[in-house]
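S.K.: sequence and predicted structure, then a few things I'm wondering about:
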Amino acid sequence: MENLVNIFVKSIFIDNMIFAYFLGMCSYLAVSKTVKTSTGLGIAVIFVLGFTVPINFLIENYILQEGALTWLSPQLADVDLSFLSFIMFIAVIASMVQLVEMVIEKFSPTLYSSLGIFLPLIAVNCAILGGALFMQEREYANIAEATSFALGSGVGWFLAIVGIAAIREKIRYSNVPAPLRGLGITFIITGLMGIAFMSFMGIKL
C-alpha cells in the first residue's frame, strides 16, 4: 500500500506531466483561459488516464510482450507482438476519449461546447500516450501500480491546468506589458511553476 501511495504522490508532484515533461502543452495552453473549462478538461484527462493506462498494462503484459501469450498455449511462448504496442495503445486511448466525449455531450452540453475541438483532441494529447509509454518503460509490477501512476499523473495534469487557469483569470486585471499578454506571460508563469514543482524533488519516496 505504501508503494502505491509513493507512486501516486510522485506522479503528481515530482514526475508531473506538465512541469517535468511538458506533455499535453497544446491543450494546457489553449483551454486554460477559465477555471471552469480547465476543470472539465482536467477531470476528463484523469478519467481517460485512469482507464487507458490499466487497460494498456493488461494488453502489454498479456498480449504484446514476448511470451505473454503462454496463458493461451505454451506453443505461443516465442510470439512477440511488442511492435504493435503503439497502435494498440492509441486504439484504446481513442476509444476511451470517444466514450468521454459522448458522456460529456449528454450530461453537460455547456462544457462540451466550451471545450470544443480540444475534447476529441485528448485522443492525441501526448500526456495520455505518455502515460501508457511511461507505464511500459517503468515496468510496473502489477495493475494496481499502473493504476496508481495513471491517477496520479491525471491529478498532476489537472492541478497544473487549473492552477494556470486561476492565475490567467487574475492577471487579466494586472498591468502586463502588451508584448507579453496572452501566451507570452503564460509561458513565463508555466516556467516559474515548473521551477516551483522542482522543489518537490527533495521529497524522499
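M.R.: Nice, thanks for sending it over.
S.K.: hey, where'd the helices end up in this structure?
M.R.: 2-9, 25-31, 35-59, 85-107, 109-115, 126-138, 143-171, 183-197 (DSSP state H).
S.K.: and the least confident helix or strand in the chain by mean pLDDT, what does it pack onto?
M.R.: The weakest-scoring helix or strand in the chain, judged by mean pLDDT, DSSP states H and E, is helix 109-115 (a mean of 79). On a contact count with 3 or more CB pairs under 8 Å, 6 or more residues apart in numbering; DSSP states H and E, helix 109-115 meets helix 35-59, helix 85-107. For the C-beta atoms, the positions are set from N, CA and C on the backbone; glycine is no exception.
S.K.: quick check: mean pLDDT of the last one?
M.R.: Looking at helix 85-107 alone, the average pLDDT works out to 88.
S.K.: list the helices and strands that helix packs on?
M.R.: Using 3+ CB pairs under 8 Å, 6+ apart, helix 85-107 sits against helix 35-59, helix 109-115, helix 126-138.
S.K.: got the angle between it and helix 126-138?
M.R.: Interaxial angle of helix 85-107 relative to helix 126-138 (axes from the mean of the first three to the mean of the last three CA atoms, to 10 degrees): 140 degrees.
S.K.: quick one: buried residues of helix 85-107?
M.R.: Buried residues in helix 85-107, defined by neighbour count with 16 or more other CB atoms under 10 Å: 85, 88-90, 92-94, 96-97, 100-101, 104.
S.K.: looks like residue 90 contacts residue 126 (just checking).
M.R.: No: look at residue 90 against residue 126 with CB atoms under 8 Å: they stay out of range, at 11.3 Å.
S.K.: and for residue 196, the neighbour number?
M.R.: If you count neighbours by other CB atoms under 10 Å, residue 196 ends up with 11.
S.K.: any idea how far residue 189 is from it?
M.R.: In this view, residue 196 and residue 189 are 10 Å apart by CB to CB, to the nearest Å.
S.K.: residue 39 now?
M.R.: For residue 39, the distance to residue 189 - CB to CB - is 18 Å.
S.K.: swap in residue 91?
M.R.: 36 Å.
S.K.: do residue 103 as well
M.R.: Residue 103 is 32 Å from residue 189, by CB to CB.
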